[in-house]
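> just a sequence and a predicted model for now, questions to come.
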Amino acid sequence: MRSIESLSDLFELAQCKATYFDLGRHIRKLTPQEVMQFDRKQSAYPFPFRQQATFAIVLEPINSKAQADMSIWFIRLPIDEKGSINLGTRDHLIKSIVDKILNKGNSTDLSEALTDNPYAFQPDTERMASFHAMLAKQMKQSPSHYFNQLIDYLSGSITREDNHWEEIGLQGIADLAVRSAENSYRPLIKKALQHAPITLATALAKALEHQELDEDYLQFIIAEFRQSIDIDFKASLIRAASRSNGHQRLSQILQLSLVSAEKNATDDQLHLIVALVAKCPHWLANDTELLHLVMENLAQRDDAFHAFSKISTELTHTQNVKKPLWVLFKSNDISPRLAQAVAHLFSKTPSQTLQ
């Protein structure tokens with residue numbers, strides 16, 4: 001048997017075409033160049049999230065065009081301090097797959113290759129719905145039957161107080177989100193965000209986080225963020241705008257929602273910060289004032305610096321935010337409370353910090 005030194009080698013040996021999707025911060029298709037570079041450790045994993053590379057691999061046997069023969073693997077691998085996939089775990093994954101399927105003669109069953117594998121995982125319901133919607137659209141398949149139900153519902157008269165939407169499945173919401181760039185659905189998406197029951201509007205906003213929304217959507221989201229008093233919905237709007245250009249205007253509005261160094265932080269503000277850090281760390285990397293306000297806010301919380309430590313740890317493992325964060329921590333222009341939080345962070349052991 002030829003030497004297998006990467007996942008690409010494995011799929012070539014198994015005679016499969018492999019298409020990769022990142023499932024970390026957002027769901028997006030990875031280019032062949034990105035895959036080759038991280039698979040052979042020529043560069044860091046392009047979209048690390050929570051110190052892991054989280055991705056799906058769609059496998060199609062080269063000698064079959066039947067969709068029934070397609071397999072989907074969901075894999076999560078740790079990354080090292082430089083952002084690259086840990087080669088030890090990657091090689092362990094490959095060996096476990098080889099032992100499972102390639103040593104069975106002619107019976108190569110890719111669908112069962114990750115059974116009981118420690119690196120396999122099952123995406124949450126929201127992420128799975130969005131991934132299936134994106135994959136089905138890419139493969140030019142029809143959307144789920146829930147999609148038509150949602151379109152019929154949104155085409156009628158709707159209000160925030162309405163409860164007739166509850167039989168609409170999450171898959172239908174994801175199917176609509178992946179069609180956000182199609183002008184025929186744009187009015188319905190805006191109508192849903194503005195007038196639909198808040199649970200439905202929030203779910204749609206979250207599903208939109210995987211799309212690169214244009215200027216028209218961004219202006220609409222900013223207006224809704226200003227007007228809304230529902231904190232869950234406001235956080236979901238941050239997520240919806242996370243891949244948009246021109247987000248600086250929303251980040252400026254967000255600054256007004258955060259506490260200054262002299263006031264007490266609230267749980268509502270923390271909710272917004274969590275959405276910001278989880279989905280928009282690039283906003284913090286490019287806006288030092290917003291980063292400063294976020295860290296001051298976290299330092300003001302009456303939780304023994306728990307939230308500050310958790311979020312600081314996440315940001316220090318996010319490559320584009322790490323440098324401006326350390327610059328801030330070393331600055332003389334931070335409040336005494338933030339300086340105390342930074343000192344507390346450095347006084348903890350690594351294992352404590354990562355909890």
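Happy to help now that I have it. Numbers count the residues shown, from 1 in each chain.
> now the strands for the stretch 1-150 of the chain?
16-22, 28-29, 52-61, 71-78 (DSSP state E, counting those that start in this stretch).
> could you single out the most deeply buried of these?
Most buried of the strands of the stretch 1-150 of the chain, by mean neighbour count (mean count of other C-beta atoms under 10 Å): strand 52-61, with a mean of 20. Where you see a C-beta, it was placed from the backbone N, CA and C, and this is true even at glycine.
> export the strands of the stretch 1-150 of the chain to TSV and tack on mean pLDDT and distance to Asp302?
Formatted as TSV, the strands of the stretch 1-150 of the chain follow (pLDDT from 0 to 100; distance: least, C-beta to C-beta, whole Å):
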stretch	mean pLDDT	distance to Asp302
strand 16-22	94	37
strand 28-29	96	38
strand 52-61	94	31
strand 71-78	94	33
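> can you put those strands in JSON lines and add distance to Pro118?
JSON lines is the format used below for those (distance: least, C-beta to C-beta, whole Å):
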{"stretch": "strand 16-22", "distance to Pro118": "20"}
{"stretch": "strand 28-29", "distance to Pro118": "25"}
{"stretch": "strand 52-61", "distance to Pro118": "13"}
{"stretch": "strand 71-78", "distance to Pro118": "9"}
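> I'd like to know which of the ones you listed is closest to Arg186.
Of all these, it is strand 28-29 that lies closest to Arg186, at 21.2 Å by C-beta to C-beta.
> can you list contacts of the closest one?
For strand 28-29, the external contacting residues (C-beta atoms under 8 Å, 6 or more residues apart in numbering) are Thr19, Tyr20, Phe21, Asp22, Phe47, Met134, Gln138, His210.
> relative to Ala341, which of these is nearest.
Nearest to Ala341 among the contacts of strand 28-29 is Phe47, at 28.4 Å by C-beta to C-beta.
> the closest residue to the closest one other than its chain neighbours pairs with what?
Closest residue to Phe47 apart from its sequence neighbours, by C-beta to C-beta, 6 or more residues apart in numbering: Asp22 at 4.6 Å. Using DSSP bridges, the bridge partners assigned to Asp22 are Arg28, Phe55.
> my read: Leu77 touches Ser84, true?
No: Leu77 is not in contact with Ser84 according to C-beta atoms under 8 Å; the separation is 10.2 Å.
> just the helices in the stretch 101-250 of the chain please.
Per DSSP state H, counting those that start in this stretch, the stretch 101-250 of the chain carries helices over the ranges 125-138, 145-154, 170-177, 186-195, 198-207, 215-227, 231-240, 248-257.
> I'd like those helices as JSON lines, with mean neighbour count, distance to Asp9 and mean pLDDT appended.
Shown next, in JSON lines, are those (neighbours: other C-beta atoms under 10 Å; distance: least, C-beta to C-beta, whole Å; pLDDT from 0 to 100):
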{"stretch": "helix 125-138", "mean neighbour count": "19", "distance to Asp9": "25", "mean pLDDT": "96"}
{"stretch": "helix 145-154", "mean neighbour count": "18", "distance to Asp9": "39", "mean pLDDT": "95"}
{"stretch": "helix 170-177", "mean neighbour count": "25", "distance to Asp9": "34", "mean pLDDT": "97"}
{"stretch": "helix 186-195", "mean neighbour count": "17", "distance to Asp9": "43", "mean pLDDT": "98"}
{"stretch": "helix 198-207", "mean neighbour count": "22", "distance to Asp9": "36", "mean pLDDT": "97"}
{"stretch": "helix 215-227", "mean neighbour count": "16", "distance to Asp9": "42", "mean pLDDT": "95"}
{"stretch": "helix 231-240", "mean neighbour count": "23", "distance to Asp9": "37", "mean pLDDT": "96"}
{"stretch": "helix 248-257", "mean neighbour count": "16", "distance to Asp9": "43", "mean pLDDT": "86"}
